[in-house]
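Asks: okay, structure incoming, though there's no sequence with it:
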Ligand code: 5AD
Ligand code: SF4
(Lines give C-alpha, C1' and ligand atoms only; values in the text may rest on other atoms or scores of the structure.)
(Ligands and ions follow the chains in the order given, each with its own letter.)
Protein backbone atom coordinates (compact mmCIF):
# COMPACT_ATOMS: atom_id res chain seq x y z
CA UNK A 1 0.00 0.00 0.00
CA UNK A 2 2.80 2.40 0.84
CA UNK A 3 4.03 2.64 -2.77
CA UNK A 4 0.78 4.20 -3.86
CA UNK A 5 1.29 7.21 -1.58
CA UNK A 6 5.07 7.54 -1.94
CA UNK A 7 5.93 11.05 -3.13
CA UNK A 8 2.38 12.34 -2.71
CA UNK A 9 1.54 15.40 -0.63
CA UNK A 10 -1.24 16.15 1.82
CA UNK A 11 -2.70 19.01 3.79
CA UNK A 12 -5.22 18.95 6.62
CA UNK A 13 -7.68 21.72 7.42
CA UNK A 14 -8.87 21.52 11.00
CA UNK A 15 -11.93 23.22 12.47
CA UNK A 16 -13.18 23.31 16.04
CA UNK A 17 -11.91 21.97 19.32
CA UNK A 18 -8.67 20.50 20.65
CA UNK A 19 -10.03 16.98 20.23
CA UNK A 20 -10.26 17.65 16.49
CA UNK A 21 -6.76 19.13 16.44
CA UNK A 22 -5.53 16.01 18.16
CA UNK A 23 -7.39 13.78 15.67
CA UNK A 24 -5.67 15.76 12.89
CA UNK A 25 -2.28 14.91 14.39
CA UNK A 26 -3.26 11.23 14.16
CA UNK A 27 -4.37 11.64 10.54
CA UNK A 28 -1.07 13.36 9.73
CA UNK A 29 0.81 10.56 11.46
CA UNK A 30 -0.99 7.92 9.39
CA UNK A 31 -0.50 9.70 6.07
CA UNK A 32 3.19 10.25 6.77
CA UNK A 33 3.41 6.58 7.70
CA UNK A 34 2.21 5.80 4.17
CA UNK A 35 4.95 7.95 2.65
CA UNK A 36 2.99 11.15 1.97
CA UNK A 37 4.54 14.52 2.78
CA UNK A 38 2.80 17.36 4.62
CA UNK A 39 2.38 20.69 2.75
CA UNK A 40 0.77 23.95 3.79
CA UNK A 41 -1.69 24.72 1.02
CA UNK A 42 -4.46 23.01 -0.91
CA UNK A 43 -2.70 23.96 -4.19
CA UNK A 44 0.36 21.92 -3.27
CA UNK A 45 -1.59 18.96 -1.91
CA UNK A 46 -2.62 15.72 -3.65
CA UNK A 47 -4.74 14.74 -0.66
CA UNK A 48 -6.83 17.35 1.13
CA UNK A 49 -8.45 16.28 4.41
CA UNK A 50 -10.97 18.40 6.31
CA UNK A 51 -11.40 17.67 10.00
CA UNK A 52 -14.77 19.29 10.61
CA UNK A 53 -16.87 20.75 13.40
CA UNK A 54 -20.64 21.18 13.62
CA UNK A 55 -20.99 22.73 17.08
CA UNK A 56 -22.19 25.99 15.51
CA UNK A 57 -23.74 26.70 12.14
CA UNK A 58 -20.98 28.98 10.80
CA UNK A 59 -18.27 26.31 10.57
CA UNK A 60 -20.82 23.90 9.20
CA UNK A 61 -21.85 26.00 6.18
CA UNK A 62 -18.27 27.09 5.59
CA UNK A 63 -17.17 23.46 5.17
CA UNK A 64 -19.78 22.76 2.49
CA UNK A 65 -18.78 25.98 0.70
CA UNK A 66 -15.10 25.23 0.90
CA UNK A 67 -15.40 21.72 -0.51
CA UNK A 68 -17.81 22.97 -3.21
CA UNK A 69 -15.24 25.55 -4.32
CA UNK A 70 -12.72 22.76 -4.98
CA UNK A 71 -14.91 21.23 -7.68
CA UNK A 72 -12.77 22.16 -10.65
CA UNK A 73 -9.39 22.01 -9.00
CA UNK A 74 -7.02 20.16 -11.32
CA UNK A 75 -4.53 17.52 -10.34
CA UNK A 76 -1.11 18.77 -9.17
CA UNK A 77 1.74 18.31 -11.60
CA UNK A 78 3.79 15.37 -10.37
CA UNK A 79 0.93 13.87 -8.40
CA UNK A 80 0.89 10.05 -8.32
CA UNK A 81 -2.93 10.13 -8.50
CA UNK A 82 -5.13 10.96 -11.45
CA UNK A 83 -7.32 13.26 -9.39
CA UNK A 84 -7.00 15.41 -6.32
CA UNK A 85 -8.30 13.32 -3.41
CA UNK A 86 -10.61 15.11 -0.97
CA UNK A 87 -11.62 13.59 2.35
CA UNK A 88 -14.02 14.90 4.99
CA UNK A 89 -13.75 13.58 8.54
CA UNK A 90 -14.63 14.73 12.04
CA UNK A 91 -18.06 15.73 13.32
CA UNK A 92 -19.73 16.71 10.01
CA UNK A 93 -18.47 13.48 8.44
CA UNK A 94 -20.01 11.56 11.33
CA UNK A 95 -23.33 13.44 11.17
CA UNK A 96 -23.85 13.67 7.41
CA UNK A 97 -22.15 10.56 5.97
CA UNK A 98 -23.27 9.94 2.39
CA UNK A 99 -25.25 13.20 2.30
CA UNK A 100 -21.85 14.84 1.80
CA UNK A 101 -20.96 12.87 -1.33
CA UNK A 102 -24.54 13.28 -2.63
CA UNK A 103 -24.24 17.05 -2.42
CA UNK A 104 -20.55 17.22 -3.30
CA UNK A 105 -19.97 14.55 -5.96
CA UNK A 106 -16.28 15.48 -6.38
CA UNK A 107 -15.66 14.52 -2.73
CA UNK A 108 -13.91 11.13 -2.55
CA UNK A 109 -13.86 9.98 1.07
CA UNK A 110 -16.05 10.51 4.13
CA UNK A 111 -15.09 9.10 7.51
CA UNK A 112 -16.41 9.70 11.02
CA UNK A 113 -15.20 10.37 14.54
CA UNK A 114 -15.02 6.67 15.42
CA UNK A 115 -12.92 5.39 12.54
CA UNK A 116 -9.94 7.66 11.88
CA UNK A 117 -7.91 4.52 11.37
CA UNK A 118 -9.90 3.59 8.24
CA UNK A 119 -8.69 6.63 6.31
CA UNK A 120 -5.67 4.98 4.61
CA UNK A 121 -7.80 2.09 3.29
CA UNK A 122 -10.56 4.45 2.13
CA UNK A 123 -8.07 6.70 0.34
CA UNK A 124 -6.38 3.71 -1.26
CA UNK A 125 -9.69 2.40 -2.60
CA UNK A 126 -10.66 5.86 -3.87
CA UNK A 127 -7.28 6.31 -5.58
CA UNK A 128 -7.24 2.87 -7.18
CA UNK A 129 -10.85 2.31 -8.07
CA UNK A 130 -12.43 5.76 -7.97
CA UNK A 131 -15.97 6.32 -6.70
CA UNK A 132 -17.15 7.46 -3.30
CA UNK A 133 -15.86 5.82 -0.14
CA UNK A 134 -18.07 6.58 2.84
CA UNK A 135 -17.55 4.84 6.18
CA UNK A 136 -19.16 6.06 9.37
CA UNK A 137 -19.51 3.85 12.47
CA UNK A 138 -21.96 4.23 15.37
CA UNK A 139 -19.34 3.64 18.05
CA UNK A 140 -15.63 3.05 18.37
CA UNK A 141 -14.12 -0.35 19.10
CA UNK A 142 -10.92 1.13 20.31
CA UNK A 143 -9.08 4.35 21.04
CA UNK A 144 -7.19 6.13 18.32
CA UNK A 145 -4.22 6.12 20.72
CA UNK A 146 -2.86 3.09 18.89
CA UNK A 147 -2.52 5.19 15.71
CA UNK A 148 0.71 6.99 14.88
CA UNK A 149 0.81 10.70 15.50
CA UNK A 150 2.63 13.68 14.07
CA UNK A 151 2.37 16.24 16.85
CA UNK A 152 2.09 19.92 15.97
CA UNK A 153 4.78 20.76 18.55
CA UNK A 154 7.57 18.54 19.85
CA UNK A 155 7.27 20.02 23.34
CA UNK A 156 3.49 19.78 23.84
CA UNK A 157 1.09 16.85 23.65
CA UNK A 158 -2.65 16.44 23.83
CA UNK A 159 -3.68 13.26 25.57
CA UNK A 160 -7.32 12.15 25.26
CA UNK A 161 -8.50 10.39 28.43
CA UNK A 162 -12.14 10.06 27.40
CA UNK A 163 -14.04 10.39 24.16
CA UNK A 164 -17.74 11.19 23.79
CA UNK A 165 -20.18 12.81 26.17
CA UNK A 166 -23.15 11.68 28.25
CA UNK A 167 -24.42 15.08 29.29
CA UNK A 168 -26.85 16.10 26.58
CA UNK A 169 -26.85 19.83 27.23
CA UNK A 170 -29.94 20.78 25.25
CA UNK A 171 -28.13 23.09 22.77
CA UNK A 172 -25.26 20.74 22.01
CA UNK A 173 -24.71 18.37 19.08
CA UNK A 174 -21.54 16.77 20.50
CA UNK A 175 -23.15 13.70 22.15
CA UNK A 176 -24.77 12.86 18.80
CA UNK A 177 -21.53 13.02 16.78
CA UNK A 178 -18.96 11.87 19.33
CA UNK A 179 -21.09 9.18 20.98
CA UNK A 180 -21.29 8.09 24.61
CA UNK A 181 -18.46 8.74 27.02
CA UNK A 182 -15.73 6.14 26.95
CA UNK A 183 -12.68 6.24 29.21
CA UNK A 184 -9.23 4.84 28.62
CA UNK A 185 -7.67 2.83 31.42
CA UNK A 186 -5.47 4.60 33.96
CA UNK A 187 -2.56 2.34 32.93
CA UNK A 188 -2.95 3.25 29.28
CA UNK A 189 -2.98 6.98 30.07
CA UNK A 190 0.00 6.79 32.42
CA UNK A 191 1.96 4.84 29.83
CA UNK A 192 1.27 7.30 27.04
CA UNK A 193 2.15 10.22 29.34
CA UNK A 194 5.41 8.58 30.37
CA UNK A 195 6.29 8.05 26.72
CA UNK A 196 5.83 11.78 26.07
CA UNK A 197 7.95 12.77 29.05
CA UNK A 198 10.70 10.38 27.97
CA UNK A 199 10.57 11.95 24.50
CA UNK A 200 11.12 15.43 25.94
CA UNK A 201 7.56 16.76 26.01
CA UNK A 202 7.18 19.63 28.50
CA UNK A 203 3.44 20.13 28.61
CA UNK A 204 0.57 17.61 28.54
CA UNK A 205 -3.06 18.66 28.13
CA UNK A 206 -5.53 15.95 29.10
CA UNK A 207 -8.56 16.01 26.83
CA UNK A 208 -12.18 14.95 27.18
CA UNK A 209 -15.62 16.57 26.75
CA UNK A 210 -15.97 16.29 30.52
CA UNK A 211 -12.71 15.09 32.08
CA UNK A 212 -14.25 15.20 35.57
CA UNK A 213 -16.44 12.21 34.91
CA UNK A 214 -13.42 10.20 33.73
CA UNK A 215 -13.63 6.55 34.75
CA UNK A 216 -17.34 6.32 35.57
CA UNK A 217 -17.90 3.88 32.68
CA UNK A 218 -14.83 1.77 33.54
CA UNK A 219 -14.66 1.84 37.31
CA UNK A 220 -18.21 2.77 38.35
CA UNK A 221 -17.02 6.07 39.84
CA UNK A 222 -15.08 9.07 38.55
CA UNK A 223 -11.33 8.76 39.07
CA UNK A 224 -10.05 11.92 37.44
CA UNK A 225 -8.02 12.95 40.51
CA UNK A 226 -6.05 9.72 40.14
CA UNK A 227 -5.33 10.50 36.49
CA UNK A 228 -3.86 13.81 37.61
CA UNK A 229 -1.71 12.03 40.22
CA UNK A 230 -0.49 9.46 37.71
CA UNK A 231 0.44 12.01 35.05
CA UNK A 232 2.10 14.32 37.58
CA UNK A 233 4.19 11.35 38.73
CA UNK A 234 5.71 10.97 35.25
CA UNK A 235 7.75 14.13 35.90
CA UNK A 236 5.95 16.26 33.29
CA UNK A 237 6.78 19.95 33.67
CA UNK A 238 3.31 21.37 32.97
CA UNK A 239 -0.06 19.65 33.21
CA UNK A 240 -3.39 21.09 32.01
CA UNK A 241 -6.80 19.65 31.20
CA UNK A 242 -9.97 20.52 29.30
CA UNK A 243 -12.91 20.53 29.57
CA UNK A 244 -14.41 20.49 33.05
CA UNK A 245 -18.13 20.29 33.70
CA UNK A 246 -19.02 22.27 36.86
CA UNK A 247 -21.49 19.62 38.02
CA UNK A 248 -18.68 17.03 38.24
CA UNK A 249 -15.75 19.08 39.51
CA UNK A 250 -14.97 17.45 42.87
CA UNK A 251 -13.26 18.76 46.00
CA UNK A 252 -10.60 16.12 45.43
CA UNK A 253 -9.72 17.56 42.02
CA UNK A 254 -9.81 21.12 43.36
CA UNK A 255 -7.37 20.09 46.10
CA UNK A 256 -4.91 18.81 43.47
CA UNK A 257 -4.32 22.39 42.33
CA UNK A 258 -2.68 22.93 45.70
CA UNK A 259 -0.68 19.72 45.88
CA UNK A 260 0.46 18.66 42.42
CA UNK A 261 3.70 20.28 41.30
CA UNK A 262 2.93 20.13 37.59
CA UNK A 263 -0.72 21.17 37.62
CA UNK A 264 -0.83 24.71 36.22
CA UNK A 265 -2.87 27.41 38.04
CA UNK A 266 -5.43 27.78 35.27
CA UNK A 267 -8.85 26.22 34.77
CA UNK A 268 -11.36 26.37 31.95
CA UNK A 269 -14.76 25.99 33.60
CA UNK A 270 -17.62 26.62 31.16
CA UNK A 271 -20.56 28.28 32.87
CA UNK A 272 -22.70 28.86 29.71
CA UNK A 273 -25.16 31.13 31.56
CA UNK A 274 -25.50 32.91 34.90
CA UNK A 275 -29.27 32.46 35.06
CA UNK A 276 -30.65 29.46 36.95
CA UNK A 277 -33.70 29.42 34.71
CA UNK A 278 -31.56 29.18 31.57
CA UNK A 279 -29.12 26.70 33.14
CA UNK A 280 -32.10 24.45 33.83
CA UNK A 281 -33.37 24.80 30.25
CA UNK A 282 -29.86 23.98 29.06
CA UNK A 283 -29.88 20.80 31.24
CA UNK A 284 -26.60 21.84 32.84
CA UNK A 285 -27.57 20.40 36.23
CA UNK A 286 -25.90 23.00 38.45
CA UNK A 287 -26.95 26.40 39.70
CA UNK A 288 -25.30 29.78 39.60
CA UNK A 289 -24.74 29.44 43.37
CA UNK A 290 -23.00 26.08 42.97
CA UNK A 291 -20.75 27.50 40.27
CA UNK A 292 -19.78 30.53 42.38
CA UNK A 293 -19.10 28.19 45.27
CA UNK A 294 -16.66 26.22 43.09
CA UNK A 295 -14.89 29.46 42.21
CA UNK A 296 -14.60 30.26 45.91
CA UNK A 297 -13.18 26.82 46.69
CA UNK A 298 -10.68 27.05 43.82
CA UNK A 299 -9.50 30.46 45.02
CA UNK A 300 -9.14 29.15 48.56
CA UNK A 301 -6.60 26.66 47.17
CA UNK A 302 -4.95 28.91 44.56
CA UNK A 303 -5.85 32.55 45.26
CA UNK A 304 -4.75 33.81 41.84
CA UNK A 305 -5.89 30.88 39.71
CA UNK A 306 -6.66 31.99 36.15
CA UNK A 307 -10.22 31.12 35.24
CA UNK A 308 -11.68 30.97 31.77
CA UNK A 309 -15.15 30.03 30.60
CA UNK A 310 -17.59 29.59 27.71
CA UNK A 311 -20.84 31.58 27.52
CA UNK A 312 -23.76 31.26 25.15
CA UNK A 313 -25.79 34.42 24.55
CA UNK A 314 -29.33 34.21 23.17
CA UNK A 315 -30.35 30.72 24.23
CA UNK A 316 -34.09 30.28 23.39
CA UNK A 317 -36.22 32.31 25.79
CA UNK A 318 -33.32 34.27 27.32
CA UNK A 319 -34.68 37.54 28.74
CA UNK A 320 -32.81 40.73 29.54
CA UNK A 321 -32.94 39.72 33.22
CA UNK A 322 -31.41 36.29 32.42
CA UNK A 323 -28.70 38.01 30.43
CA UNK A 324 -27.98 40.42 33.28
CA UNK A 325 -27.49 37.44 35.59
CA UNK A 326 -24.78 36.24 33.20
CA UNK A 327 -23.30 39.72 32.96
CA UNK A 328 -23.12 40.05 36.74
CA UNK A 329 -21.56 36.63 37.10
CA UNK A 330 -18.78 37.57 34.68
CA UNK A 331 -18.24 40.78 36.65
CA UNK A 332 -18.10 38.87 39.90
CA UNK A 333 -15.76 36.05 38.82
CA UNK A 334 -13.32 38.27 36.93
CA UNK A 335 -12.25 35.76 34.28
CA UNK A 336 -8.90 35.91 32.52
CA UNK A 337 -10.64 34.81 29.36
CA UNK A 338 -14.19 34.20 28.20
CA UNK A 339 -15.16 32.51 24.94
CA UNK A 340 -18.47 34.06 23.96
CA UNK A 341 -20.87 32.45 21.50
CA UNK A 342 -24.18 33.47 20.04
CA UNK A 343 -26.60 30.58 20.35
CA UNK A 344 -26.72 28.55 17.16
CA UNK A 345 -29.66 26.26 16.52
CA UNK A 346 -28.55 22.67 15.87
CA UNK A 347 -31.12 20.34 14.28
CA UNK A 348 -31.72 17.23 16.35
CA UNK A 349 -31.00 18.83 19.72
CA UNK A 350 -33.81 19.50 22.24
CA UNK A 351 -33.24 23.27 22.16
CA UNK A 352 -33.93 23.35 18.41
CA UNK A 353 -37.63 22.90 19.13
CA UNK A 354 -37.78 25.46 21.97
CA UNK A 355 -39.53 28.72 21.31
CA UNK A 356 -37.00 31.31 20.28
CA UNK A 357 -38.48 34.73 19.68
CA UNK A 358 -35.76 37.15 20.80
CA UNK A 359 -34.91 39.41 17.86
CA UNK A 360 -31.46 38.93 16.35
CA UNK A 361 -30.50 42.59 17.01
CA UNK A 362 -31.33 42.23 20.71
CA UNK A 363 -29.10 39.17 20.99
CA UNK A 364 -26.29 40.90 19.08
CA UNK A 365 -26.54 43.91 21.40
CA UNK A 366 -26.30 41.67 24.49
CA UNK A 367 -23.36 39.87 22.94
CA UNK A 368 -21.53 43.16 22.25
CA UNK A 369 -22.15 44.35 25.81
CA UNK A 370 -20.77 41.09 27.17
CA UNK A 371 -17.68 41.22 24.93
CA UNK A 372 -16.90 44.74 26.21
CA UNK A 373 -17.12 43.53 29.79
CA UNK A 374 -15.03 40.43 29.05
CA UNK A 375 -12.26 42.60 27.60
CA UNK A 376 -12.32 44.99 30.52
CA UNK A 377 -12.14 42.14 33.04
CA UNK A 378 -9.37 40.33 31.12
CA UNK A 379 -7.34 43.53 31.13
CA UNK A 380 -7.90 43.95 34.87
CA UNK A 381 -7.00 40.30 35.60
CA UNK A 382 -3.71 40.66 33.73
CA UNK A 383 -2.66 43.77 35.70
CA UNK A 384 -1.68 41.53 38.65
CA UNK A 385 1.24 40.31 36.57
CA UNK A 386 2.75 43.78 36.05
CA UNK A 387 6.29 43.82 37.44
CA UNK A 388 6.37 40.11 38.27
CA UNK A 389 8.73 37.52 36.81
CA UNK A 390 6.94 34.62 35.11
CA UNK A 391 8.31 31.33 33.76
CA UNK A 392 7.46 31.22 30.07
CA UNK A 393 7.40 28.03 27.99
CA UNK A 394 8.59 29.32 24.62
CA UNK A 395 6.41 28.38 21.62
CA UNK A 396 7.94 30.44 18.80
CA UNK A 397 8.00 34.05 17.71
CA UNK A 398 5.24 36.61 17.55
CA UNK A 399 3.37 36.31 14.24
CA UNK A 400 3.93 39.97 13.46
CA UNK A 401 7.54 40.32 14.56
CA UNK A 402 10.02 37.45 14.39
CA UNK A 403 12.42 39.22 16.72
CA UNK A 404 9.91 38.79 19.56
CA UNK A 405 9.61 35.43 21.31
CA UNK A 406 6.14 34.19 22.27
CA UNK A 407 5.16 31.63 24.86
CA UNK A 408 2.84 30.87 27.74
CA UNK A 409 2.86 31.65 31.43
CA UNK A 410 1.66 29.04 33.97
CA UNK A 411 -1.72 30.80 33.88
CA UNK A 412 -1.76 30.22 30.13
CA UNK A 413 -1.36 33.91 29.29
CA UNK A 414 0.46 34.67 26.06
CA UNK A 415 3.79 36.36 26.86
CA UNK A 416 5.96 38.34 24.43
CA UNK A 417 9.57 39.43 24.93
CA UNK A 418 12.36 40.52 22.57
CA UNK A 419 14.69 37.64 21.73
CA UNK A 420 17.90 38.11 23.72
CA UNK A 421 20.84 39.28 21.57
CA UNK A 422 22.65 36.50 19.74
CA UNK A 423 20.01 33.87 20.55
CA UNK A 424 18.14 32.02 17.80
CA UNK A 425 14.49 31.21 18.42
CA UNK A 426 15.10 27.53 17.59
CA UNK A 427 17.38 27.27 20.63
CA UNK A 428 14.58 28.47 22.90
CA UNK A 429 11.47 26.71 21.55
CA UNK A 430 10.28 24.19 24.13
CA UNK A 431 12.43 25.63 26.89
CA UNK A 432 11.29 27.74 29.82
CA UNK A 433 12.68 31.26 30.24
CA UNK A 434 11.99 33.85 32.95
CA UNK A 435 10.33 37.01 31.72
CA UNK A 436 9.88 40.18 33.75
CA UNK A 437 6.50 41.62 32.79
CA UNK A 438 6.73 45.30 31.82
CA UNK A 439 3.29 45.70 30.37
CA UNK A 440 0.03 43.81 30.83
CA UNK A 441 -2.40 44.13 27.90
CA UNK A 442 -5.84 42.59 27.48
CA UNK A 443 -4.73 39.48 25.57
CA UNK A 444 -1.01 39.27 26.30
CA UNK A 445 1.81 40.29 28.60
CA UNK A 446 5.01 41.80 27.29
CA UNK A 447 8.34 41.94 29.06
CA UNK A 448 12.04 41.21 29.03
CA UNK A 449 13.89 37.92 29.34
CA UNK A 450 15.79 37.95 32.62
CA UNK A 451 17.12 34.41 32.59
CA UNK A 452 17.24 31.93 29.75
CA UNK A 453 16.64 28.84 31.82
CA UNK A 454 14.12 29.38 34.53
N1 LIG B 1 -24.64 27.37 19.97
C2 LIG B 1 -23.69 28.19 20.46
N3 LIG B 1 -22.64 27.76 21.17
C4 LIG B 1 -22.55 26.44 21.42
N5 LIG B 1 -21.63 25.72 22.10
C6 LIG B 1 -21.99 24.43 22.03
N7 LIG B 1 -23.12 24.28 21.33
C8 LIG B 1 -23.49 25.52 20.93
C9 LIG B 1 -24.59 26.03 20.19
N10 LIG B 1 -25.55 25.24 19.70
C11 LIG B 1 -20.52 26.33 22.81
C12 LIG B 1 -20.57 26.03 24.30
C13 LIG B 1 -19.45 25.05 24.47
C14 LIG B 1 -18.48 25.51 23.41
C15 LIG B 1 -17.45 24.52 23.01
O16 LIG B 1 -19.31 25.80 22.31
O17 LIG B 1 -20.31 27.23 25.00
O18 LIG B 1 -18.88 25.08 25.76
FE1 SF4 C 1 -21.87 19.45 24.74
FE2 SF4 C 1 -22.65 19.63 27.30
FE3 SF4 C 1 -21.27 17.46 26.49
FE4 SF4 C 1 -20.02 19.85 26.67
S5 SF4 C 1 -20.93 18.67 28.37
S6 SF4 C 1 -19.89 18.39 24.95
S7 SF4 C 1 -21.65 21.27 26.08
S8 SF4 C 1 -23.33 18.07 25.80
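Replies: Cool, got the structure. Just so it is clear, the structure is predicted and the values come from calculations on it, not from any experiment. Residues are numbered from 1 along each chain as shown. Ligands and ions are numbered 1, 2, ... in the order given.
Asks: nearest residue to residue 377 in space, please, no chain neighbours.
Replies: Of all residues not flanking residue 377 in the chain, residue 334 sits nearest, at 5.3 Å (C-beta to C-beta, 6 or more residues apart in numbering). For the C-beta atoms, the positions are set from N, CA and C on the backbone; glycine is no exception.
Asks: next one, pLDDT for that neighbour please.
Replies: What the model reports as pLDDT for residue 334 is 96.
Asks: what does the one 5 residues further on give?
Replies: You'll see residue 339 listed with a pLDDT of 97.
Asks: ok, and the closest non-adjacent residue to it?
Replies: The nearest residue in space to residue 339 (C-beta to C-beta, 6+ apart) is residue 310, at 4.8 Å.
Asks: in a helix, that neighbour, correct?
Replies: No - applying DSSP: H, G, I helix; E, B strand; the rest coil, one finds residue 310 to be strand, outside a helix.
Asks: just the pLDDT at it, thanks.
Replies: 98.
Asks: so that it lines up with my notes, have the first residue be 751 from now on.
Replies: OK, 751 is where the count begins now, so the last one is residue 1060.
Asks: for the residue nearest to residue 1127, give me its contacts.
Replies: 1057, 1127, 1130, 1131 (C-beta atoms under 8 Å, 6 or more residues apart in numbering).
Asks: state the number of residues packed around the residue in the stretch 751-900 of the chain that ligand 2 sits nearest to.
Replies: Closest residue of the stretch 751-900 of the chain to ligand 2, C-beta to the nearest ligand atom: residue 805 (7.9 Å). Residue 805 has 20 neighbouring residues, counting by other C-beta atoms under 10 Å.
Asks: elements contacting the longest helix seen in the chain?
Replies: Secondary structure assigned by DSSP state H gives helix 1110-1133 as the longest helix of the chain. Counting contacts by 3 or more C-beta pairs under 8 Å, 6 or more residues apart in numbering; DSSP states H and E, helix 1110-1133 packs against strand 1056-1063, helix 1070-1083, strand 1087-1092, strand 1182-1190.
Asks: and the gap between residue 1161 and residue 1085?
Replies: From residue 1161 over to residue 1085 the distance is 12 Å, taken as C-beta to C-beta, to the nearest Å.
Asks: one more: residue 905?
Replies: Here residue 905 is placed at a distance of 27 Å from residue 1085 (C-beta to C-beta).
Asks: of the two, who's got more company?
Replies: More crowded of residue 905 and residue 1085, by other C-beta under 10 Å: residue 1085, with 24 against 20.
Asks: excluding chain neighbours, what is closest to that one?
Replies: Spatial nearest neighbour of residue 1085, chain neighbours left out: residue 1057 (5.2 Å); criterion: C-beta to C-beta, 6+ apart.
Asks: the one you found: how many residues sit nearby?
Replies: For residue 1057, using other C-beta under 10 Å, the count is 22.
Asks: I figured it hits residue 1044, correct?
Replies: No - counting by C-beta atoms under 8 Å, residue 1057 sits too far from residue 1044 to count as a contact (9.8 Å).
Asks: overlap in contacts, these two.
Replies: residue 1019.
Asks: tell me the first helix or strand C-terminal of the worst-scoring helix or strand of the chain on mean pLDDT.
Replies: Least confident helix or strand of the chain, by mean pLDDT, DSSP states H and E, is helix 752-755 with a mean of 78. As assigned by DSSP states H and E, the chain's next helix or strand after helix 752-755 is strand 759-764.
Asks: list the strands paired with that following strand, with their directions.
Replies: Strand 759-764 pairs in its sheet with strand 787-788 (parallel), strand 797-802 (parallel), by DSSP bridges.
Asks: for stretch 759-777, which residues meet the burial criterion?
Replies: Neighbour-count burial for stretch 759-777, counted by 16 or more other C-beta atoms under 10 Å, picks out 759-767, 769-777.
Asks: where does this protein dip in pLDDT?
Replies: 751-752, 891-896, 1202-1204 (pLDDT under 70).
Asks: domain assignment for it?
Replies: 752-885, 901-1133, 1136-1200 (automatic domain parsing).
Asks: can you tell me, leaving aside adjacent residues, what's nearest to residue 851?
Replies: residue 882 (4.2 Å).
Asks: could you do residue 898 as well?
Replies: Nearest to residue 898 is residue 779, by C-beta to C-beta, 6+ apart, at 3.6 Å.
Asks: distance of the residue lying closest to residue 1086 once chain neighbours are set aside from residue 1194?
Replies: Sequence neighbours aside, residue 1056 is the residue nearest to residue 1086 in space, at 4.2 Å (criterion: C-beta to C-beta, 6+ apart). Applying C-beta to C-beta, the value for residue 1056 to residue 1194 is 13 Å.
Asks: can you list residues touching both of these two?
Replies: Counting by C-beta under 8 Å, 6+ apart, the residues touching both residue 1056 and residue 1194 are residue 1163.
Asks: more neighbours: which of the two?
Replies: Using other C-beta under 10 Å as the criterion, residue 1056 and residue 1194 rank with residue 1056 on top: 22 against 15.
Asks: dump the residue contacts of residue 793.
Replies: Residue 793 makes contact with residue 826, according to C-beta under 8 Å, 6+ apart.
Asks: and it, what element?
Replies: Applying DSSP H and E, one finds residue 793 in no helix or strand.
Asks: phi and psi next, for it.
Replies: Backbone geometry at residue 793, expressed as degrees, to the nearest 10, gives phi -60, psi -40.
Asks: tell me how far it lies from ligand 1.
Replies: 32 Å (C-beta to the nearest ligand atom, to the nearest Å).
Asks: and what of residue 1186?
Replies: 35 Å.
Asks: residues from the stretch 951-1100 of the chain in reach of ligand 1?
Replies: Applying C-beta under 6 Å from any ligand atom, we find that the stretch 951-1100 of the chain lies next to ligand 1 at 1020, 1022, 1060, 1062, 1091, 1093, 1094, 1096.
Asks: let's see the ChimeraX selection covering just the buried ones among those.
Replies: Buried residues among these (16+ other C-beta under 10 Å), as a ChimeraX selection:
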select :1020,1022,1062,1091,1093,1094,1096
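Asks: tabulate the residues of the stretch 951-1100 of the chain next to ligand 1 (CSV), appending distance to ligand 2.
Replies: Converted to CSV, those look like this (distance: C-beta to the nearest ligand atom, whole Å):
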residue, distance to ligand 2
1020, 7
1022, 7
1060, 8
1062, 9
1091, 11
1093, 12
1094, 12
1096, 10
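Asks: wait, which of the residues of the stretch 951-1100 of the chain next to ligand 1 is closest to residue 1198?
Replies: Taking C-beta to C-beta as the measure, residue 1198 lies nearest residue 1060 of those, at 33.8 Å.
Asks: that closest one touches residue 1032, doesn't it?
Replies: No - here residue 1060 lies out of contact with residue 1032, judged by C-beta under 8 Å, at a distance of 11.7 Å.
Asks: okay, and the common contacts of the two?
Replies: Joint contacts of residue 1060 and residue 1032 (C-beta under 8 Å, 6+ apart) are residue 1022.
Asks: quick one on the thing from earlier: if I look at the residue nearest to residue 851, how far off is residue 874?
Replies: Residue 882 sits 14 Å away from residue 874, taking C-beta to C-beta as the criterion.
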